[in-house]
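*Asks:* Sequence first, then the predicted structure, then my questions.
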2 protein chains.
Amino acid sequence: MDIASVNALSYEDFVDVLGNVVERCPIVVAAVWSRRPFVTFDDLEAAISEFIDALPLSGKEGILRCHPDLAGRDLRSGTLTQESSDEQAAAGMNALSPGDVDLMARLNAEYKQRFGFPFVVCARMHDKAGILRQLSERCRNGRAAEVARGIEEVKKICRLRLEALVRVNVQGDAAKL
Amino acid sequence: MDIASVNALSYEDFVDVLGNVVERCPIVVAAVWSRRPFVTFDDLEAAISEFIDALPLSGKEGILRCHPDLAGRDLRSGTLTQESSDEQAAAGMNALSPGDVDLMARLNAEYKQRFGFPFVVCARMHDKAGILRQLSERCRNGRAAEVARGIEEVKKICRLRLEALVRVNVQGDAAKL
């Protein structure tokens, strides 16, 4: 779909198609629909980022809390969203050894105990070793830094989910497509 | 569940249990978890209302856009959330005559065309005749008035959904329960 087609969507179709670019937060794109028309893909992405940035701290924490653990209970119970399932599989999270499953569970629990929200990372940009290393390292950060870092990861995930749905084009292309 | 039990929930269980008190917007309770402990039911309800009120206008429109039409495509296709399905049934929306289905569809379309979000009403507080009357009347309102009115209805729906999950108690009861 090109950006012109995105701009032509009713809010219902816009939310149906793009509703999960931020995990389990369709309110984000439902809000951003007010900003149409988008000149480019980047314009749409920027509108999403700006909406997220304008949320109060609790809202940013809320976004993080709508994310599942990596290799956690939703993966085991098959209740991940399709997008999250694909991303976790791409990073090998569905094929961990029993030892790595235990390690992930322990580190995830430690992270959540410390911060009150889950460890969020753009899984498609990392492999198992990189994810385990980041999870260990980020457990030691301060809370404010981790909210900011988690939200940056949310935006990376969003970018890749958007790219799977909307053609990336450069400024000026929109009128031609 | 009493308010003390609510306060004892992890954020994951809190979002699992209360996530749809605002239709398809789990971010709201996920954000509000930061405000624990809640002294009473009303304290929890107030925290939800305050979070909604603090959203920018586009965020309030976003909440409205996460709501389905009454007697609309999600009812026909069986894709309503359980809560919404029960509420629409309680107001008779699943048993309309073909003529009333057409009338609802026409008025819903007119409302959405005018405002860019759906007509939201607390269906459990009305019957078919009342809903049709309100829908006709509210189509004539201004946009700002309808955002505010829709959000007030979201809060009424939220109150009833909360009451179905959390015991309403008076101040001071929390410690005893």
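*Replies:* Right, received. Where do you want to start?
*Asks:* In contact with A:Arg65, which residues?
*Replies:* For A:Arg65, the contact set (Cβ atoms under 8 Å, 6 or more residues apart in numbering or on different chains) comprises A:116-118, B:11-12, B:15, B:30-31, B:33. Every residue, glycine included, has its C-beta placed from N, CA and C.
*Asks:* now those residues in CSV, with secondary structure and pLDDT?
*Replies:* Shown next, in CSV, are the contacts of A:Arg65 (DSSP: H, G, I helix; E, B strand; the rest coil; pLDDT from 0 to 100):
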residue, secondary structure, pLDDT
A:Gly116, coil, 98
A:Phe117, coil, 98
A:Pro118, coil, 98
B:Tyr11, helix, 98
B:Glu12, helix, 97
B:Val15, helix, 98
B:Ala30, helix, 98
B:Ala31, helix, 98
B:Trp33, helix, 98
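*Asks:* Closest one to B:Leu165 out of those residues, please.
*Replies:* B:Val15 (12.5 Å; Cβ to Cβ).
*Asks:* Close to chain B: what parts of chain A are there?
*Replies:* A:10-12, A:15, A:24-35, A:51, A:54-59, A:61-63, A:65-66, A:73, A:112, A:116-117 (Cβ under 8 Å from any Cβ of the partner chain).
*Asks:* which among those end up buried?
*Replies:* When the residues of chain A next to chain B are checked for burial by 16 or more other Cβ atoms under 10 Å in any protein chain shown, the buried set is A:11-12, A:15, A:24-34, A:51, A:55, A:58-59, A:61-63, A:65-66, A:112, A:116-117.
*Asks:* which intervals of chain A have sub-threshold pLDDT?
*Replies:* Regions of chain A meeting the criterion pLDDT under 70 cover residues A:170-177.
*Asks:* just the strands in it please.
*Replies:* Ranges of strands within chain A: none, based on DSSP state E.
*Asks:* Can you tell me how far A:Ala95 is from A:Ile157?
*Replies:* Separation of A:Ala95 from A:Ile157 (Cβ to Cβ, to the nearest Å): 20 Å.
*Asks:* what sits against A:Val22?
*Replies:* Contacts for A:Val22 (Cβ under 8 Å, 6+ apart) come out as A:28-29, A:48, A:52, A:63, A:66, A:154, A:157-158.
*Asks:* Next up, phi/psi of it, please.
*Replies:* Per-residue torsions, A:Val22: phi -110, psi 120 (degrees, to the nearest 10).
*Asks:* What about the nearest residue to A:Arg167 once chain neighbours are set aside, how many residues nearby?
*Replies:* Once flanking residues are discounted, A:Arg167 sits nearest to A:Asp2: 4.8 Å by Cβ to Cβ, 6 or more residues apart in numbering or on different chains. By the criterion of other Cβ atoms under 10 Å in any protein chain shown, A:Asp2 has 16 neighbours.
*Asks:* about what we covered before: dump the contacts of A:Arg65 into JSON lines; add distance to B:Glu83 as well.
*Replies:* Shown next, in JSON lines, are the contacts of A:Arg65 (distance: Cβ to Cβ, whole Å):
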{"residue": "A:Gly116", "distance to B:Glu83": "26"}
{"residue": "A:Phe117", "distance to B:Glu83": "25"}
{"residue": "A:Pro118", "distance to B:Glu83": "25"}
{"residue": "B:Tyr11", "distance to B:Glu83": "21"}
{"residue": "B:Glu12", "distance to B:Glu83": "20"}
{"residue": "B:Val15", "distance to B:Glu83": "15"}
{"residue": "B:Ala30", "distance to B:Glu83": "17"}
{"residue": "B:Ala31", "distance to B:Glu83": "19"}
{"residue": "B:Trp33", "distance to B:Glu83": "20"}
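*Asks:* can you map out the helices along chain A?
*Replies:* A:3-7, A:11-18, A:26-32, A:41-54, A:57-65, A:73-77, A:82-90, A:98-115, A:128-138, A:143-163 (DSSP state H).
*Asks:* helices or strands up against the first one?
*Replies:* In terms of contact count using 3 or more Cβ pairs under 8 Å, 6 or more residues apart in numbering or on different chains; DSSP states H and E, helix A:3-7 is assigned the packing partners helix A:41-54.
*Asks:* In the helix it packs on, which of the residues would be classed as buried?
*Replies:* A:41-42, A:44-45, A:47-49, A:51-52.
*Asks:* And those, which is closest to A:Glu137?
*Replies:* For the buried residues of helix A:41-54, the minimum distance to A:Glu137 (Cβ to Cβ) is 23.8 Å, reached by A:Ile52.
*Asks:* I figured the closest one hits A:Lys60, correct?
*Replies:* Yes - contact criterion Cβ atoms under 8 Å: A:Ile52 and A:Lys60 qualify, at 7.0 Å.
*Asks:* shared neighbours of the two, which are they?
*Replies:* Shared contacts of A:Ile52 and A:Lys60, counting by Cβ under 8 Å, 6+ apart, come down to A:Ile151.
*Asks:* related to what we said a few turns ago, who has more neighbours, A:Ala95 and A:Ile157?
*Replies:* The neighbour comparison of A:Ala95 against A:Ile157 (other Cβ under 10 Å) goes to A:Ile157, with 23 against 11.
*Asks:* And for that one, nearest residue in space, chain neighbours not counted?
*Replies:* Closest to A:Ile157 by Cβ to Cβ, 6+ apart is A:Cys122, at 4.9 Å.
*Asks:* In this structure that neighbour contacts A:Lys156, no?
*Replies:* Yes - with contact defined as Cβ under 8 Å, A:Cys122 and A:Lys156 form a contacting pair (3.8 Å).
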